[in-house]
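[1] Here is a sequence together with a model predicted from it:
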Amino acid sequence: MAKPWKYPRIRAHDQFSSAARAILVTRLNEINFYEDLVMTTHDVEGVHDMRVAARRLQAMMGILRECFPFKKYRTMDKSVRRLIRVLGSVRERDVVMAILEEHRTPLPEHQRRTLDLFLTQKNLEREHERLALRATLERMNSGQFRKRFMKLVRNTF
């Protein structure tokens, strides 16, 4: 698991608003960093790291929930939750595939063939979930999630 990105230096005498803005922007940038990796490759760890980053953003948004206008917060939170849900589906399939692959080698040939059929089915499911992930990321990009989120953070803090 990737370590969380460090925040820009936040000191005790900094204003709450500037600290909150720095934290939220850092968390959003962390998600965006993994997006290219997830969209262009089948990197299992990239999916995991993006999911963890999205969960970190969601946690910070939850802590700061009362600072945001309710409707705008709800819209952003729904988008982040949807992303986390789709990333979770992909991640679950990745983990299952890795476990099955690990147990495949020591099996006798006839059991390997059976497992290969099952792996093929699971791989199709994983590809279906990856398509859903791609669609979610494209929907977020076309809806300018980052731009709207940054505007919300700027206007709130």
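    Cool, the structure landed.

[2] Quick check: closest non-adjacent residue to the spatially most central residue of the chain.
    The chain has Arg51 as the residue nearest its centroid, 2.9 Å off, counting by Cα atoms, centre = their mean. Leaving aside its chain neighbours, Arg51 sits nearest to Leu87 (3.9 Å; criterion: Cβ to Cβ, 6 or more residues apart in numbering). Every residue, glycine included, has its C-beta placed from N, CA and C.

[3] Can you give me the neighbour number for that neighbour?
    26 (other Cβ atoms under 10 Å).

[4] And it, how close does it get to Arg130?
    As defined by Cβ to Cβ, to the nearest Å, Leu87 lies at a distance of 10 Å from Arg130.

[5] Where does the prediction get shaky in this protein?
    Scanning the chain for pLDDT under 70 picks out the ranges 1.

[6] Can you tell me what sits against stretch 145-157?
    16-18, 20-21, 24-25, 28, 32, 67-69, 72-73, 75-76, 79, 140 (Cβ atoms under 8 Å, 6 or more residues apart in numbering).

[7] so which strand or helix has the residue nearest to Arg51?
    helix 70-104 (DSSP states H and E).

[8] Now do the buried residues in that helix.
    For helix 70-104, burial by neighbour count (16 or more other Cβ atoms under 10 Å) applies to 73, 75-77, 79-80, 83-84, 86-87, 89-91, 93-94, 97.

[9] now do stretch 103-115
    Leu115.

[10] what's the answer for stretch 141-157, then?
    Phe145, Phe149, Leu152, Val153, Thr156, Phe157.

[11] Present the residues you listed as JSON lines; the columns should include secondary structure.
    Supplementary listing: the buried residues of stretch 141-157 in JSON lines, determined by DSSP: H, G, I helix; E, B strand; the rest coil:
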{"residue": "Phe145", "secondary structure": "helix"}
{"residue": "Phe149", "secondary structure": "helix"}
{"residue": "Leu152", "secondary structure": "helix"}
{"residue": "Val153", "secondary structure": "helix"}
{"residue": "Thr156", "secondary structure": "helix"}
{"residue": "Phe157", "secondary structure": "coil"}
